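A.B. asks: no letters, just coordinates:
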């Protein structure tokens with residue numbers, strides 16, 4: 001660790017107002033790190049840039065860790081890989097589509113930080129067996145704690161999310177800058193910059209190399225004060241409307257995925273004189289992406305009997321204020337509920353498969369996901385005809401009567417939605433009093449009955465309910481899993497139809 005003077009200004013003496021970091025994430029199911037740690041109130045600006053801005057404007061000391069700097073760079077790499085997933089695929093992975101990465105967990109889905117740290121580590125190990133550079137993303141510095149290590153792993157998962165889908169299966173069972181770290185920590189970040197240049201990021205790395213060279217020099221005690229004074233604004237741009245300091249070079253993309261114009265300048269530019277009007281390149285704090293890396297995890301929870309989705313968020317979570325008033329961007333991660341949106345799944349079906357235009361259906365009494373599906377698609381053929389989405393008819397009730405099987409003593413009706421090539425169908429198990437799917441199942445039923453209207457005899461279920469797999473309550477998760485795996489949804493099974501009444505009563 002080293003602390004060195006930068007600008008000849010009097011440090012601020014009054015602390016800024018703070019709040020617990022947990023207050024920044026009120027919906028978090030799990031939180032990495034100390035949830036009571038005080039943070040400055042969120043200003044919507046990326047924490048590294050926010051810390052530099054507050055320190056610069058308010059004359060406050062600044063602390064920068066290898067973890068904070070590397071997580072910012074790694075998040076930029078992840079953003080670039082997502083934006084150029086198709087172009088980089090031959091370089092990064094050896095498979096087509098999105099490969100399933102499953103981790104098993106004994107018991108229901110955990111909501112404690114330690115369990116999720118272990119789960120994320122398991123996904124990282126699986127990914128390490130598939131890609132060549134997983135270690136490149138790691139926070140493995142002398143300053144790194146389990147929080148930073150986990151945050152870096154989530155950034156890695158985010159970077160490769162175009163190529164992999166992450167599943168968790170739950171089964172029954174048991175006035176200064178302080179550079180923390182060592183000189184070697186900063187040398188390792190500098191070496192990684194040369195590696196990430198190979199991902200089509202040479203333009204960005206031209207700016208990062210001299211910056212990380214200065215970090216390494218300063219950590220060794222060789223401080224170029226003029227360089228550190230230019231971290232936020234060059235002296236001639238004080239009070240300007242844009243940020244032109246080298247901190248702007250940590251971000252390859254700005255709002256709307258626009259390339260950062262600062263990367264076209266040499267590291268010592270822009271140049272000018274005090275008092276000169278400046279109309280050259282620069283950025284505003286609002287144009288820098290402040291969102292953390294986010295990975296959606298699909299949970300096959302065989303304990304509670306459903307499939308669901310959660311999201312891991314990781315990166316820099318805020319700006320901490322130390323006892324001496326120093327500010328530092330802080331790493332963290334959290335787990336939140338997530339939703340697989342049916343409209344996003346339908347977009348994939350329309351884009352990649354044969355569909356017919358939608359027909360009018362009754363919109364008053366239907367499962368919301370079924371309604372959303374048939375509002376966009378009349379019928380569809382998936383996987384070369386192996387899956388056939390049946391057309392909806394004019395009204396919900398006619399659809400019910402012509403495509404229903406009655407089971408479970410009248411408590412549950414099966415609405416046939418998709419026919420499979422092997423004679424089975426994907427059906428919604430419905431409680432008509434709830435206007436929502438109780439579960440999605442795969443079964444065989446008899447041919448449609450004669451007659452029409454509500455008096456038509458119910459078709460029969462040919463399978464023993466104990467042999468009928470249940471795939472959870474979400475049509476969006478079911479269809480997404482099918483699209484990701486060529487129609488194979490066996491990994492979604494959470495129970496059997498015979499258990500459904502018991503599960504509904506939990």
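C.D. replies: Now that the structure is in, tell me what you want to look at. No experiment lies behind these values; they were computed from the predicted model shown.

A.B. asks: what helix or strand is residue 56 on?
C.D. replies: helix 47-58 (DSSP states H and E).

A.B. asks: who touches that helix?
C.D. replies: 12, 16, 40, 43, 45, 60-62, 64, 68-69, 72, 231-233, 243, 245, 247, 250-251, 285, 288, 290, 316-319, 327-330 (C-beta atoms under 8 Å, 6 or more residues apart in numbering). Just so you know, the C-beta spots here come from the backbone N, C-alpha and C atoms, and that holds for glycine as well.

A.B. asks: tell me where the model's unsure across the stretch 301-450 of the chain.
C.D. replies: 362-366, 393-412, 432-437, 447-450 (pLDDT under 70).

A.B. asks: buried residues of the helix holding residue 56, list them for me.
C.D. replies: The neighbour-count check on helix 47-58 (16 or more other C-beta atoms under 10 Å) flags 47, 48, 49, 50, 51, 52, 53, 54, 55, 56 as buried.

A.B. asks: strands - which of the contacts of helix 47-58 land there?
C.D. replies: Those of the contacts of helix 47-58 mapping onto strands are 40, 62, 64, 316, 317, 318, 319, 327, 328, 329, 330, per DSSP state E.

A.B. asks: what's across from the first one in the sheet?
C.D. replies: Right, residue 40. With DSSP bridges as the criterion, residue 40 is bridged to residue 18.

A.B. asks: closest to residue 109 out of the buried residues of helix 47-58?
C.D. replies: residue 47 (28.7 Å; C-beta to C-beta).

A.B. asks: mind pulling the model confidence for the closest one?
C.D. replies: Note on residue 47: pLDDT of 94.

A.B. asks: helices of the stretch 151-300 of the chain, start to end?
C.D. replies: 183-196, 202-219, 225-229 (DSSP state H, counting those that start in this stretch).

A.B. asks: so which of these gets nearest residue 258?
C.D. replies: helix 202-219 (13.5 Å).

A.B. asks: run through who's touching the closest one.
C.D. replies: 2, 4, 69, 73, 76, 80, 177, 179, 181-183, 185-187, 189-190, 193-194, 196-197, 223-224, 227-228, 246, 249-250, 252, 259-260, 262-264, 267.

A.B. asks: and the residues you listed, which are buried?
C.D. replies: 2, 69, 73, 76, 80, 177, 179, 181-183, 185-187, 189-190, 193, 196-197, 223, 227-228, 246, 249-250, 252, 260, 262-263, 267.

A.B. asks: residue 74 is in contact with residue 152, isn't it?
C.D. replies: Yes - between residue 74 and residue 152 there is a contact under C-beta atoms under 8 Å: 6.4 Å.

A.B. asks: which residues do the two both contact?
C.D. replies: Common neighbours of residue 74 and residue 152 (C-beta under 8 Å, 6+ apart) are residue 137.

A.B. asks: settle it for me: which of the two has more neighbours?
C.D. replies: residue 152 (28 against 25; other C-beta atoms under 10 Å).

A.B. asks: how about that one, nearest residue that isn't a chain neighbour?
C.D. replies: The shortest distance from residue 152 to any residue other than its chain neighbours is 3.9 Å, reached at residue 139 (C-beta to C-beta, 6 or more residues apart in numbering).

A.B. asks: quick one: residue 419 and residue 388 touch, right?
C.D. replies: Yes - counting by C-beta under 8 Å, residue 419 touches residue 388, with 4.6 Å between them.

A.B. asks: pull out the buried positions in stretch 76-88.
C.D. replies: Buried positions in stretch 76-88, judged by neighbour count with 16+ other C-beta under 10 Å: 76, 77, 78, 79, 80, 81, 82, 84, 85, 88.

A.B. asks: which of those lies closest to residue 106?
C.D. replies: The closest of the buried residues of stretch 76-88, once distances to residue 106 are taken by C-beta to C-beta, is residue 78, at 30.6 Å.

A.B. asks: my read is that the closest one contacts residue 294, right?
C.D. replies: No - with contacts counted by C-beta under 8 Å, residue 78 stays clear of residue 294, the gap being 9.9 Å.

A.B. asks: so what sits against both of the two?
C.D. replies: residue 158.

A.B. asks: tell me how far residue 44 lies from residue 255.
C.D. replies: Relative to residue 255, residue 44 is positioned 12 Å away (C-beta to C-beta, to the nearest Å).

A.B. asks: who has more neighbours out of those two?
C.D. replies: Taking other C-beta under 10 Å, residue 44 and residue 255 do not tie; residue 255 has more neighbours (12 against 8).
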